[in-house]
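Asker: Based on what follows, work out the 3D shape:
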Amino acid sequence: MAESIRWMSTKEAAERLGVTLRSLYRFIDEGSLVAFKFGRVIRLREQDVDRFIESCRIEPGSLEHLYPELKGTAEHRSQSA
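Answerer: Numbers count the residues shown, from 1 in each chain. Modelled structure (predicted):
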């Protein structure tokens, strides 16, 4: 039996993601988030929103560029010890 689609409005999707509608529309326009237009109404599938959330997961160790001074300090400490 086919699973029914759980549709979300743009407002629901933006709230679920914790972003503004403007950011949501940017994700859609860039192709990062799949959306559908039915006449003048834009809808998103809940499973696509969940997939987008998972695709945005931050990999451990990928944010070192945000705190280079701490990395250098840690290296300095390990060399001093």
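Asker: Just the buried positions in stretch 11-27, please.
Answerer: 13-14, 16-17, 24-25, 27 (16 or more other C-beta atoms under 10 Å). Every residue, glycine included, has its C-beta placed from N, CA and C.
Asker: An error on my part: the question was meant for stretch 44-53.
Answerer: So, applying 16+ other C-beta under 10 Å, buried residues of stretch 44-53: 44-45, 48-49, 52.
Asker: and that stretch, C-alpha only, in PDB?
Answerer: In PDB, the C-alpha atoms belonging to stretch 44-53 read as follows (Å, rounded to 0.1, in the frame of the first residue of the first chain):
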ATOM      1  CA  LEU A  44       7.200  20.700   0.800                       C
ATOM      2  CA  ARG A  45       7.200  17.000   1.600                       C
ATOM      3  CA  GLU A  46       8.000  16.300   5.300                       C
ATOM      4  CA  GLN A  47      10.500  13.600   4.300                       C
ATOM      5  CA  ASP A  48      12.300  16.100   2.000                       C
ATOM      6  CA  VAL A  49      12.600  18.600   4.900                       C
ATOM      7  CA  ASP A  50      13.900  15.800   7.200                       C
ATOM      8  CA  ARG A  51      16.400  14.800   4.500                       C
ATOM      9  CA  PHE A  52      17.500  18.400   4.200                       C
ATOM     10  CA  ILE A  53      18.000  18.600   7.900                       C
END
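Asker: what residues does it touch?
Answerer: With C-beta atoms under 8 Å, 6 or more residues apart in numbering as the test, stretch 44-53 has contacts from 5-10, 13, 16-17, 27-28, 32-36.
Asker: Number of residues surrounding Asp29?
Answerer: When neighbours are counted by other C-beta atoms under 10 Å, Asp29 registers 10.
Asker: Helix or strand: which one has it?
Answerer: According to DSSP states H and E, Asp29 maps onto helix 21-30.
Asker: which residue sits closest to Leu24 in space, ignoring its chain neighbours?
Answerer: Once flanking residues are discounted, Leu24 sits nearest to Ala14: 4.4 Å by C-beta to C-beta, 6 or more residues apart in numbering.
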